[in-house]
Each structure stands twice: as structure tokens, then as C-alpha cells.
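Quick one: sequence plus predicted model below, questions after.
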Amino acid sequence: MGFGMIENIKLAKVLMGLITMAAMALVSSQALAHGNLTMENDSCKLRIGRYQMHFAGYQPNDSTKSLKPYDEFCEDIPLSGPVYVVLDLVDPELRAMPISVQVLEDHGRDKDNIAPVVFEVPPESHPTGSLSYRYTFDKPGKFVGLVTAGSGAERVVARFPFSVGKQAGWLSYAVYLALILAAIGGVLFWALRSHSKVLNKMDAQ
């Protein structure tokens, strides 16, 4: 195997390692950004303690080009305006528990107790296994959703930050993509420069 082939294999391994690490970092950052709310198997799931709920959000679609009257979302809300949210209780135990919902302005996790409350649904049990609510966001911004189930020692809370009318997710992807491209470009430059030096030495001999 020639020197050039060996160097190409090493370079390919380095690039694959960089891409894998960047992809893992991107997935982790997106998962952490939305807290207990995640996409799994094309379904939006909200984890609350050891329990699960299905989360579905809908926003009226005024576009004449769309055949659907509503746009569905899982995490960030595309536009300000009226929003409909449906929570389906996956675990039967949740149906007997009082469940409440709060939407706060996002001032950081350590300030949830003093952040202004934008909207709330008082605690109530839902024997049918489903609850829904409607709210109108009159302006873009960053918010936090808190879903609380149970009371006393059995009380569990799910926290999920989200944005309204802001493409924060796309910005994160763009930043990570730029970092990945910069890393790959740096490795390529280093490898080609090293390879060129070796060839020049071989030619000089």
C-alpha cells in the first residue's frame, strides 16, 4: 500500500470521527434545548417522571395554497397567534392524577419560580385520558412549558422550553454546520500541507 493511500485512509478516519462527534453534539444540544419534549418514531412525546404523554400542537393555516386548515408542530411554534395543544395521557395512572399546565416567560431554569406566568390550566384529573387548551401568543418570544402531575410526594413536573415565531432551531443547525465545515477544512488543509511536504522531500532525494 502506497504512502498516499495510507494518508488518505487516515484522513478519512479523522473526518468521519469529526462528523460523528459533531452530529452527536448537535443531537444532544437539540434534545437538551427542549427538555422533556422529544420526537420519537415520528411522535412527539412528553416525559413526566416515569410517565409519558403524547404532545400535539396545532396552529391555524391561512394559506390558500395549503389543503390543511391547521399546521402541526411538536416543539417550537412557527408563528405568533392562536395555538391549540392536545395532551394524550399514555400511562393509565395519569388519568387519576390532577394535572396542571403553566406557560412562563423563559428567564432561565433557575428563575422559573419568579418568571411571569403567561397562561395556566388549573389542576384537574382527566378520566378520558386527554386534555386540550387554547392560547393566543400575541408576540414572538421564548417561553417555558411546565406540566405537573400528581401532588405531594408523588408530584412530578415536566419542563420544556420553546420559542414562538423564532427560528432558533435553524440557527443552531447553521452554527453547527459552520463548525463542522471549518473543522473539515482545517483537517484537509493540514493533511494536504503535510502530504505536500513529504512529497517534496521524496523528490529532493
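On my side now, so go ahead. Numbers count the residues shown, from 1 in each chain.

Quick check, Arg134 in contact with Gly81.
No: contact criterion CB atoms under 8 Å: Arg134 and Gly81 do not qualify, at 11.2 Å. (Each C-beta comes from the backbone N, C-alpha and C, glycine too.)

Tell me which of the two has more neighbours.
More neighbours surround Gly81 than the other of Arg134 and Gly81, with 15 against 10 (other CB atoms under 10 Å).

State the pLDDT value of the more buried one.
As predicted, Gly81 sits at a pLDDT of 92.

how about it, what does it touch?
Gly81 makes contact with 59-60, 136-137, according to CB atoms under 8 Å, 6 or more residues apart in numbering.

Equivalent analysis for Tyr133, please.
Tyr133 makes contacts with 84-85, 101, 119, 121, as judged by CB under 8 Å, 6+ apart.

Phe143: which of those residues is nearest?
Among the contacts of Tyr133, Phe119 lies closest to Phe143 (CB to CB), at 9.1 Å.

Give me the distance between the residue nearest to Pro127 when sequence neighbours are not counted and Phe143.
For Pro127, ignoring the flanking residues on the chain, the nearest one in space by CB to CB, 6 or more residues apart in numbering is Arg95 at 5.4 Å. Arg95 is 27 Å from Phe143, where distance means CB to CB, to the nearest Å.

Between those two, which has more neighbouring residues?
Taking neighbours as other CB under 10 Å, Arg95 and Phe143 compare with Phe143 leading, 19 against 14.

Contact partners for that one?
103-106, 118, 161-164.

domains for the protein, by residue range?
According to automatic domain parsing, the chain comprises the domains 3-27+171-204, 35-165.

ok, of those domains, where does mean pLDDT dip lowest?
domain 3-27+171-204 (a mean of 56).

OK, contacts around the spatially closest residue to Val90 that is not a sequence neighbour?
Closest residue to Val90 apart from its sequence neighbours, by CB to CB, 6+ apart: Gln52 at 4.3 Å. By CB under 8 Å, 6+ apart, Gln52 lies in contact with 45-46, 90-91.

now swap in Gln102 and tell me
Gln102 makes contact with 117, 119-121, 145-146, 148 under the criterion CB under 8 Å, 6+ apart.

Let me know the helix or strand that it is in.
strand 99-105 (DSSP states H and E).

Name the residues of that strand that come out as buried.
Using 16 or more other CB atoms under 10 Å as the test for burial, strand 99-105 gives 99-104.

could these be laid out in CSV, adding distance to Lys111?
Formatted as CSV, those follow (distance: CB to CB, whole Å):
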residue, distance to Lys111
Ile99, 24
Ser100, 20
Val101, 19
Gln102, 14
Val103, 15
Leu104, 9
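
do you know how far Phe160 is from Gly57?
Distance, Phe160 to Gly57, using CB to CB: 11 Å.

rewinding a little: and the residue nearest to Val90, what are its bridge partners?
Arg47 (DSSP bridges).

which residues in this structure form helices?
Ranges of helices in the chain, per DSSP state H, are 3-33, 168-204.

Report the contact partners of the residue nearest to Val156 when sequence neighbours are not counted.
In space, and not counting its chain neighbours, Val156 is closest to Gly49: 3.1 Å by CB to CB, 6+ apart. Counting by CB under 8 Å, 6+ apart, Gly49 touches 149-150, 156, 158.
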